[in-house]
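> need the 3D shape of this:
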Amino acid sequence: MFELTKLITNVILPPFNILILLVLAFLLFLFRYKKLAFLTALFSMAILYVCSIPYTAQKLSDSLVKEDNLSINDYRQAQAIVVLGGGLRDSKELYCNITVPGLVLERMRYAAYLHKETELPILISGASPNGNSEAKVMGQEFFTFFGVQPKWLEERSTNTKENALYTKEMLEREGITRIILVTNQWHMQRAKMLFEKQGFTVYPASVGNGITPSTYALNYMHFIPQAGALNANMQLLKEWIGFWKEKL
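From the prediction side, this is the model:
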């Protein structure tokens, strides 16, 4: 199911959908629908351009962000800190042969800070489709690099919906219903919604830049296609698809 969902998502997003449109344009041209073929090819190029510029990435990112606007005193009302996993990578560093990527390390850093300020216990949630335990690797690195020992490891979930479900199973035995949820800002809306559906009161702790300040001026580079912007836009579009899928 995980692989099927991933395949469908990739098919409906660039660059795969652009390739489909170009093949369709070619077939239309062969069958002498030249005007329709031209419009289809033009449409595919328009999609590629819009999805390749930093301006689109900025707007998509801002549309997913809701400022937390919480203080340390607000976070102290919670009963536990829940940190969501976000993948693993192979490692040639001496300390381990598998480790967390930078995205997850940012979540861990913020969680370690909140733990020291609130003294709340930490739960790590996440498994990997290939059988590795994200929670276990993150737990080891929490202790090694931050001197923090997580209290719970939830090692079964492979998506955000399962993060919320299996976290509830673990924490309801402890009578915990109020949590600080740590994840990236573009992921927070969907994650918060899913955890609230499981009955949690969620204090969001978002990792990221926040909404782009209105004082930041646009320049021509915002409209120049870039590989990095294409990658960012795909991630953000996937998140919007996931959000509306769960909301509906």
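> neighbouring contacts of the least confident helix or strand in the chain by mean pLDDT?
Counting by mean pLDDT, DSSP states H and E, the chain has its least confident helix or strand at helix 2-12, which shows a mean of 78. Applying Cβ atoms under 8 Å, 6 or more residues apart in numbering, the contact partners of helix 2-12 are 16-17, 20, 129, 158-159, 238, 241. (Each C-beta comes from the backbone N, C-alpha and C, glycine too.)
> now for those: which two are most distant?
The span of those, defined through Cβ to Cβ, is set by I20 and T158 at 27.8 Å.
> got the domain ranges for the protein?
The record's domain parsing of the chain by automatic domain parsing lists 2-64+225-247, 72-207.
> average model confidence for the longest one?
By that I understand domain 72-207. Across domain 72-207, pLDDT averages out at 96.
> any idea how far S71 is from Q79?
17 Å (Cβ to Cβ, to the nearest Å).
> who's more crowded, these two?
It is Q79, of S71 and Q79, that has more neighbours when counted by other Cβ atoms under 10 Å, with 17 against 8.
> quick check: the spatially most central residue of the chain vs L42, distance?
Among the residues of the chain, the one closest to the centroid is H187, at 4.2 Å (Cα atoms, centre = their mean). Look at H187 and L42: by Cβ to Cβ, they are 34 Å apart.
> now L88
41 Å.
> the two: which is more packed in?
Taking other Cβ under 10 Å, L88 and L42 do not tie; L88 has more neighbours (21 against 12).
> surely the more buried one meets N132?
Yes - contact status for L88 versus N132: in contact at 5.7 Å, counting by Cβ atoms under 8 Å.
> determine the residues that are contacts of both of these two.
What both L88 and N132 touch, as defined by Cβ under 8 Å, 6+ apart, is the set I98.
> who are the packing partners of the longest helix anywhere in the chain?
Secondary structure of the chain read by DSSP state H shows that its longest helix is helix 227-247. Contacts defined by 3 or more Cβ pairs under 8 Å, 6 or more residues apart in numbering; DSSP states H and E place helix 227-247 against helix 2-12, helix 54-64, helix 160-171, helix 185-197.
> buried residues of the last one, list them for me.
By neighbour count with 16 or more other Cβ atoms under 10 Å, helix 185-197 contains the buried residues 185-192, 194-195.
> so how far is K151 from L248?
From L248 across to K151, the span is 35 Å (Cβ to Cβ).
> of those two, who's got more company?
Legend: neighbour count by other Cβ under 10 Å for L248 and K151, higher for K151 (14 against 5).
> most remote residue from this protein's center?
Farthest-from-centroid check, the chain (Cα atoms, centre = their mean): R32, 44.1 Å.
> now do the contacts for that residue.
Neighbours of R32 in contact, by Cβ under 8 Å, 6+ apart: none.
> hmm, the residue nearest to the centre of the chain is touching L236, no?
No - using Cβ under 8 Å as the test, H187 is too far from L236 to be in contact (10.1 Å).
> that older thread, any chance of the domains of the chain in TSV with distance to A217 as columns?
Below are the domains of the chain laid out as TSV (distance: least, Cβ to Cβ, whole Å):
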stretch	distance to A217
domain 2-64+225-247	12
domain 72-207	22
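> I am finished for the moment; much appreciated.
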